[in-house]
Each structure stands twice: as C-alpha cells, then as structure tokens.
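>>> coordinates for the following, if possible.
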Amino acid sequence: VEFLTGPFVGASFAGLDHNGGSNNQGNLILAIDPNIFGTGQQVLDDASRLAMRIRNSEPRDGVSSVSIPGDNSRRLRSQIERQAYLDLNNQDWDKLLELERTLKCQ
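Residues are numbered from 1 along each chain as shown. The predicted structure follows:
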C-alpha cells in the first residue's frame, strides 16, 4: 500500500518528502470488475465466506470477538433502522440546522 500511494503516484512515502511540502499525500483508487475473476456473484459469495471465517476465528486474549472493517458501522446502522430515529448531540444538530439554512430548505 505504501508503494501504491507513494512512489507509484509521485507522492511522499515512508516519512520522506521528495516533492517539497509535507502535505504531499498520495491517493490511488483501484477499481476491479469482479466478473473478470468469475461471476460477480461467485466473487461476492467467496468474499462473504472469507469474512465469516475471519469473524468466527478465535479472538485473542482480552477481546470478545473478531470483526472486519465495516462491522461496527453495519451494527450501528441496523440499530438506528430498528429504533427508527437517530440520536444527535447538540453540536451535530446545530450543524444540520446551519446546513438547512445554507441550502434554504423548507
């Protein structure tokens, strides 16, 4: 990853800034068509099986479960959908109201 988002795209890497300026961060977007590797559904099924195998693996000491990126967000989304509302703190509510005013929403 360091190579792909550093020297590969001409950005800073490994704490080395060769292009001047400490804000020279690299970004790389890689899009892959899963149908190249078989059917998209088969790739999705295999990815789901891999995710379940990771989740079902033995957690290390002091950890109750193993999760993969996105699990916590999916859990939170499911909880919000079940309760049919979203709790917001005052600061976030004020930001939404300001956005509403900015966009002139009714």
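>>> so where do the helices sit in this structure?
Listed in chain order, the helices of the chain (DSSP state H) span residues 40-55, 71-83, 90-103.
>>> may I see the buried residues of the longest one?
Within helix 40-55, the residues that qualify as buried are residue 43, counting by 16 or more other CB atoms under 10 Å. All C-beta spots, glycine's among them, are computed from the backbone N, C-alpha and C.
>>> can you give me the angle that helix makes with helix 71-83?
Helix 40-55 and helix 71-83 meet at an angle of 100 degrees, taking axes from the mean of the first three to the mean of the last three CA atoms, to 10 degrees as the criterion.
>>> quick check: mean pLDDT across helix 40-55?
Helix 40-55 shows a mean pLDDT of 92 in the predicted model.
>>> which residues sit against stretch 55-66?
Contacts to stretch 55-66, defined as CB atoms under 8 Å, 6 or more residues apart in numbering, come from residues 54, 67-68, 71.
>>> number of residues surrounding residue 34?
The local packing of residue 34 (other CB atoms under 10 Å) involves 14 other residues.
>>> now do the contacts for it.
By CB under 8 Å, 6+ apart, the contact list for residue 34 reads 40, 43-44.
>>> let's see that with 6 Å instead.
Residues near residue 34 by CB atoms under 6 Å, 6 or more residues apart in numbering: 40, 43.
>>> please apply the same query to residue 38.
With contact set as CB under 6 Å, 6+ apart, residue 38 has no partners.
>>> now it: how far from residue 51?
According to CB to CB, to the nearest Å, residue 38 stands 18 Å off from residue 51.
>>> need the contacts of stretch 55-66 in TSV (columns: distance to residue 97).
Converted to TSV, the contacts of stretch 55-66 look like this (distance: CB to CB, whole Å):
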residue	distance to residue 97
54	41
67	34
68	36
71	32
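>>> can you tell me which of those are buried?
In the contacts of stretch 55-66, nothing passes as buried (16+ other CB under 10 Å).
>>> which one among these gets closest to residue 13?
The closest of the contacts of stretch 55-66 to residue 13 turns out to be residue 68 (CB to CB; 26.7 Å).
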